[in-house]
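J.: what shape does this take:
(2 chains, ligands or ions: 2)
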2 protein chains.
Amino acid sequence: MSNSSSLKKVLVTGGLGYIGSHVVVSLLLTGKYLPIVIDNCHNAYPEAIKRCAEIARDEMGADAPQPIFHQVDLRDSSAVDEVFAKYAGEGGIWAVVHLAALKAVGESGEIPLQYYKVNVGGSIALLEAMEKYNCSNFVFSSSATVYGTPKTVPIPESSPLQAESAYGRTKQMVEVILQDVCRASADKGDKAVHAVSVRYFNPAGAHPSGKLGEEPMGKPGNLLPLLAQIAVGRQKSDLKVFGDDYPTPDGTCVRDYLHVMDLAKGHVLALDAIASKSIFASCTSAEGMYRAFNLGKGKGMSVLNMIAAMKKASGFEYKYEIVGRRLGDVPDLTADPTLAEKELGFVAEKNLDEMCRDLWNFQTKNGDGYSKQ
Amino acid sequence: MSNSSSLKKVLVTGGLGYIGSHVVVSLLLTGKYLPIVIDNCHNAYPEAIKRCAEIARDEMGADAPQPIFHQVDLRDSSAVDEVFAKYAGEGGIWAVVHLAALKAVGESGEIPLQYYKVNVGGSIALLEAMEKYNCSNFVFSSSATVYGTPKTVPIPESSPLQAESAYGRTKQMVEVILQDVCRASADKGDKAVHAVSVRYFNPAGAHPSGKLGEEPMGKPGNLLPLLAQIAVGRQKSDLKVFGDDYPTPDGTCVRDYLHVMDLAKGHVLALDAIASKSIFASCTSAEGMYRAFNLGKGKGMSVLNMIAAMKKASGFEYKYEIVGRRLGDVPDLTADPTLAEKELGFVAEKNLDEMCRDLWNFQTKNGDGYSKQ
Ligand SMILES: NC(=O)c1ccc[n+]([C@@H]2O[C@H](COP(=O)([O-])OP(=O)(O)OC[C@H]3O[C@@H](n4cnc5c(N)ncnc54)[C@H](O)[C@@H]3O)[C@@H](O)[C@H]2O)c1
Ligand SMILES: NC(=O)c1ccc[n+]([C@@H]2O[C@H](COP(=O)([O-])OP(=O)(O)OC[C@H]3O[C@@H](n4cnc5c(N)ncnc54)[C@H](O)[C@@H]3O)[C@@H](O)[C@H]2O)c1
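T.: Ligands and ions are numbered 1, 2, ... in the order given. This next block holds a predicted model:
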């Protein structure tokens, strides 16, 4: 039987969300890490945590470790503090995986202050609580959007950060803050803050069981969930393709899709690398114990590729209209994934058909969303 | 008799501080603006507000408007909220001049999180309260340090922002946040957020009355207060000049010193320009009603120039030692002041001798600092 008290406690902020819930499952399945989730349910449902627990039991048996959930808003720093205090007597929280954020690029241009408050202010509050409770290991959900319009594709981590939306700027600022925080404590040995920013490319798909997936509130902002909801009849089919005159093979925008379970694995590998400190060997104390990695497949897929793949998975005949380019869309965002492979051992193995199959499986099993069950 | 209730209420954060207190005096003397100060006394004393009131009475008579002081920490967003609420019934706060910040470059490398919390988090809290209480006019204390090592000197406002310290990055981030906030509300007409960042070069000197000046806690971080305290015997004279091999006329670093009363006047001009909206005529709604201006004289002074000028003012024979360059010092930070002159009508008129004379006057009249009186 697994003894939860021997597991390393990992605080997962935003752990009810799309990526967070898959990270929670992946942490449970390692048998090494115990996820403690905080989330304010802004864009997610507590049901997700039950699904995570269920998957762990399905795969590990009745004694599987169980995730813990606290409904906490990151903007409430005393509530965040209390969570750290609660576990302080039990060995403490060993690391934080910080996924909670507002994430809609368009909305961030309309209500930027809320984005800065939640994404930047929330990260500062979290880092303060970590400092207070001697927790020094941090994995941060960054995004390919920090590269803005990159000069070279595939994009290496060394590309300049030049986000082009308020959302992207919140991610870029948190990376900058993290670097300063790591630098300031670099000479503190084991107590130095060790942080990793993981820059996600385009997460897609769902847990193969169909029990977890992307469950956005309102109309999906991302292409794949939209395609899935159109096929299942949950969204009216007014599918628009924004621009077919980009300098890409078929003229539509190219993105680097990776399976959400591969992405979740990236977080486990980042925690493992923090535990072994392997990835910090090259860091000088002037830099601090800080690293940033792309998490992508390194394989670009166009909008039309994605529509074709979802048609294959769902059987649905999509009708789409080609309209003008959308402001702020970058032609090609494909990762150079070599650094994460070399240093974290990360490879996004699952292919496009698996992403679409698992997404479709989730969509059909959860008709109107698992929120409603 | 001036009727305070007809004055425009201006919230001055950090209004007990060095620059803030001179801004408060300058606002009082306009007879148009009523300063409401919030400050947590982290680096200042409530005595400053009495001195401001005294100067206003000296110059305007017994009926001079009186500044109001609330001891509030910007990190306490409900306390900030309460201040706005308090005046909501009386026409509300018309504008905010936001000076409160932590400001020591060296310290910001040691405790960056506190700098981000106070400077960035504090600005977000303030902007949130403004939004809630329909206050849409903002003047922000930025700094020449946002230019990092500039490519061209004198430095125009169009130079890229590339701060080289955590302190500088906090200022740069707030400028970025402000721009996004202005952009998001640009189409709201009068209710659009109108913001001005004023990038200070090197403020120096004191109010000519000797009643207000720079009163740093602990050893002064800036050259002029240090020179004054050495001359008056308050600091042991271990004066170090960091580097004499810079590519400047005498090899020591060059800075653009301006009199603190000139700088204070710059804030009044910025508020006047916000009131008339003159400076926003060129702003498109894609940019938002946001402008940034250098406040400097446009005249570089070397470390050795400053030592000579303070010797002239105080009669003290400084002994100094030339030591190695200090990490992060930029050879020359001189403003291109033409934009502020053209658009705000701002000219820093007082010369170096006046800065040193007023500083010396303040120092000799306030021996151990007005805090102690
Ligand atoms: N999905 C993507 O395409 C993508 C790409 C790059 C980066 N990211 C980042 O990955 C992270 C997770 O994204 P996701 O796609 O799973 O989004 P999501 O919205 O499903 O998850 C975010 C979670 O954070 C929670 N949250 C929001 N504000 C909070 C607050 N103030 N306090 C506590 N919890 C709060 C939400 O309720 C939600 O459960 C985010 O940081 C996002 O910016 C996502
Ligand atoms: N003095 C300079 O050389 C210089 C140059 C460029 C920019 N600036 C900026 O000008 C502004 C004023 O600087 P100054 O030289 O007068 O410094 P100062 O320290 O004298 O004034 C700052 C004031 O803010 C207050 N304060 C700090 N933290 C606070 C908090 N959490 N809540 C409320 N009040 C708080 C302090 O008590 C102090 O009175 C700062 O924003 C600074 O970064 C100063």
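
J.: contacting residues around A:S278?
T.: When contacts are counted by C-beta atoms under 8 Å, 6 or more residues apart in numbering or on different chains, A:S278 touches A:E343. C-betas here are computed from N, CA, C, even on glycine.

J.: need the residues of the stretch 51-200 of chain A near chain B, please.
T.: Within the stretch 51-200 of chain A, the positions near chain B by C-beta under 8 Å from any C-beta of the partner chain are A:109-113, A:116-117, A:120-121, A:124, A:127-128, A:131, A:166, A:169, A:173, A:176-177, A:180-181, A:183-184.

J.: among those, which are in helices?
T.: Among these, DSSP state H puts A:109-110, A:112-113, A:124, A:127-128, A:131, A:166, A:169, A:173, A:176-177, A:180-181, A:183-184 in helices.

J.: now, of those residues, which are buried?
T.: For these, a neighbour count by 16 or more other C-beta atoms under 10 Å in any protein chain shown gives the buried set as A:109, A:112-113, A:124, A:127-128, A:131, A:166, A:169, A:173, A:176-177, A:180-181, A:183-184.

J.: between the residues you listed, which is nearest A:G233?
T.: Of all those, A:G233 sits closest to A:G109, with 31.1 Å by C-beta to C-beta.

J.: identify the residues contacting the closest residue to the closest one other than its chain neighbours.
T.: Nearest in space to A:G109, with sequence neighbours left out and distances taken as C-beta to C-beta, 6 or more residues apart in numbering or on different chains, is A:A166 at 5.8 Å. A:A166 makes contact with A:S108, A:G109, A:P112, A:Y115, A:Y116, B:D180, B:A184, according to C-beta under 8 Å, 6+ apart.

J.: farthest pair in these?
T.: Greatest spacing in the contacts of A:A166, by C-beta to C-beta: A:G109 and A:Y116 (12.4 Å).

J.: now the common contact residues for the two.
T.: The contact sets of A:G109 and A:Y116 overlap at A:A166, B:D180 (C-beta under 8 Å, 6+ apart).

J.: now do the contacts for the residue in chain A positioned nearest to ligand 1.
T.: Nearest residue of chain A to ligand 1: A:G17, at 2.1 Å (C-beta to the nearest ligand atom). Going by C-beta under 8 Å, 6+ apart, A:G17 touches A:D39, A:N43, A:A44, A:A48, A:L99, A:A100.

J.: in helices, which of these appear?
T.: Per DSSP H, these map to helices at A:A48.

J.: and which of the contacts of A:G17 is nearest ligand 2?
T.: Among those, and counting by C-beta to the nearest ligand atom, the member closest to ligand 2 is A:A100, at 24.8 Å.

J.: kindly reformat the contacts of A:A166 as JSON lines containing pLDDT and distance to ligand 1.
T.: Output for the contacts of A:A166, formatted as JSON lines (pLDDT from 0 to 100; distance: C-beta to the nearest ligand atom, whole Å):
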{"residue": "A:S108", "pLDDT": "96", "distance to ligand 1": "10"}
{"residue": "A:G109", "pLDDT": "95", "distance to ligand 1": "15"}
{"residue": "A:P112", "pLDDT": "98", "distance to ligand 1": "15"}
{"residue": "A:Y115", "pLDDT": "98", "distance to ligand 1": "10"}
{"residue": "A:Y116", "pLDDT": "98", "distance to ligand 1": "12"}
{"residue": "B:D180", "pLDDT": "98", "distance to ligand 1": "16"}
{"residue": "B:A184", "pLDDT": "97", "distance to ligand 1": "19"}
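
J.: for the residues you listed, which one is nearest B:S276?
T.: B:A184 (23.3 Å).

J.: which non-adjacent residue is nearest the closest one?
T.: Computed as C-beta to C-beta, 6+ apart, the closest residue to B:A184 that is not its neighbour in sequence is A:P112, at 5.2 Å.

J.: taking helix A:122-132 as reference, get the angle to the helix or strand hosting A:S197.
T.: Per DSSP states H and E: A:S197 is located in strand A:194-200. Strand A:194-200 runs at 160 degrees relative to helix A:122-132, counting by axes from the mean of the first three to the mean of the last three C-alpha atoms, to 10 degrees.

J.: against A:T334, how distant is the residue in chain A positioned nearest to ligand 2?
T.: In chain A, the residue found nearest to ligand 2 is A:I124; the distance is 13.1 Å by C-beta to the nearest ligand atom. Plainly put, A:I124 is 32 Å away from A:T334 if you go by C-beta to C-beta, to the nearest Å.
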